[in-house]
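Chemist: Got a sequence here, can you build the structure:
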Amino acid sequence: LEADVSSEMDIRRVIQKTETEIGQIDAFFCNAGILGGGFWGGGPEVSNDEWNKMWQINVMQSVYTARHLFPLYKDRGGGALMITGSAAGLLTLAGNLPYSVTKHAAVAVAEWLRMSYNADNINVSCLCPQGVNTNMLAGHDPTTVWGGGELLSPDRVAEITIDAMTQNTFMVLPHPEVGAFFKFKAKDYDL
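Modeler: Numbers count the residues shown, from 1 in each chain. The predicted structure follows:
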C-alpha cells in the first residue's frame, strides 16, 4: 500500500484498508522522515512551506496514526507502535534546524503516547539511530554526518528494532554511543 504520510486521511485509509482487506494490524511503524533542503538544511531562513512539510511528515504522521489506530488497539486489548525519532531528536543535528526540531518533537510524541497508553497495553517505542545506510545519507562524508560512528545497514537496524519491540523497550538505540552522548548532554546542558 502506498500512502502520503503527511495526509491524515491517507493514513486513515491505509489503516482501514489493511484491517479490512489484509488483516489485523498488530504493529505499525511510523518510519517516514525527510531532512528537507538536504543534510545541511539550514536554520531560521528555511521557508515556512519546508517547515510545514517536515512537520507533517516527521511529526504528524505519528499523531494521525495514533488517532486512527489506537481505538482499534484499545478495542482488542493492545498493539505496538514504533516511531522513528533519530539521534538528532535526542542530540540535535548541527546545520539543520527543522530536522532537529521535528525529530525532537517525534521523540516527545512517542514519549507522550507511551506514558498515556501503556496501561491499555499499547506499546509505543521510539527508534533513534545515528547513521543508517539509506538514500537519506547518500553522498555525505560519514565523518561529518554522524561523527564517524558505525554506519548500520537497514537490515541490522530492523533486527535491533524487532528485538527491542519484543522486549517492550521504549528507547531503541542501534548506536549505543547515542545513549552515552545523551547522558553526557543531560549531565551538563550548557553547551
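Chemist: mind listing what the closest residue to Lys185 other than its chain neighbours touches?
Modeler: What sits nearest to Lys185 in space, not counting adjacent residues and going by Cβ to Cβ, 6 or more residues apart in numbering, is Leu91, at 6.4 Å. (Glycine included, C-beta is placed from N, CA and C.) For Leu91, the contacting residues are Val178, Phe181, Phe182, Lys185, by Cβ atoms under 8 Å, 6 or more residues apart in numbering.
Chemist: Please pick the buried ones from those residues.
Modeler: Buried members of those, scored by 16 or more other Cβ atoms under 10 Å, are Val178, Phe181, Phe182.
Chemist: what's the spacing between the closest residue to the first one other than its chain neighbours and Ala94?
Modeler: Across the structure, with Cβ to Cβ, 6+ apart as the measure, the residue nearest Val178 apart from its sequence neighbours is Ala87 (4.6 Å). Counting by Cβ to Cβ, to the nearest Å, the gap between Ala87 and Ala94 amounts to 12 Å.
Chemist: Ok, Asn31 next?
Modeler: Asn31 is 24 Å from Ala94, by Cβ to Cβ.
Chemist: By residue count, tell me the biggest helix in this structure.
Modeler: Ranked by residue count under DSSP state H, the longest helix found in the chain is helix 97-117.
Chemist: Give me the buried stretch members for it, please.
Modeler: 97-107, 109-111, 113-114, 117.
Chemist: which outside residues touch that helix?
Modeler: 33, 35-37, 41-44, 46, 50-51, 54-55, 58-59, 62-63, 66, 70, 73, 81, 83-86, 88-90, 92-93, 122-126, 128, 170.
Chemist: Give the rounded mean pLDDT of that helix.
Modeler: Averaged across helix 97-117, the pLDDT comes to 96.
Chemist: follow-up on the earlier one: quick one: the residue nearest to Val178 and Cys126 touch, right?
Modeler: No. Ala87 is beyond contact range of Cys126, at 11.4 Å (criterion: Cβ atoms under 8 Å).
Chemist: So between those two, which is more surrounded?
Modeler: Cys126 (28 against 24; other Cβ atoms under 10 Å).
Chemist: before we move on, which element is the more buried one in?
Modeler: strand 122-127 (DSSP states H and E).
Chemist: quick check: angle from the helix or strand Asn52 falls within to helix 97-117?
Modeler: According to DSSP H and E, Asn52 maps onto helix 48-55. Between helix 48-55 and helix 97-117, the angle comes out at 40 degrees (axes from the mean of the first three to the mean of the last three Cα atoms, to 10 degrees).
Chemist: Buried members of the contacts of helix 97-117 into PyMOL, please.
Modeler: Selecting only the buried entries of the contacts of helix 97-117 in PyMOL, with 16+ other Cβ under 10 Å as the criterion:
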select buried, resi 33+35+36+37+41+42+46+50+51+54+55+58+59+62+63+66+70+73+81+83+84+85+86+88+89+90+92+93+122+123+124+125+126+128
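Chemist: No further questions, thank you.
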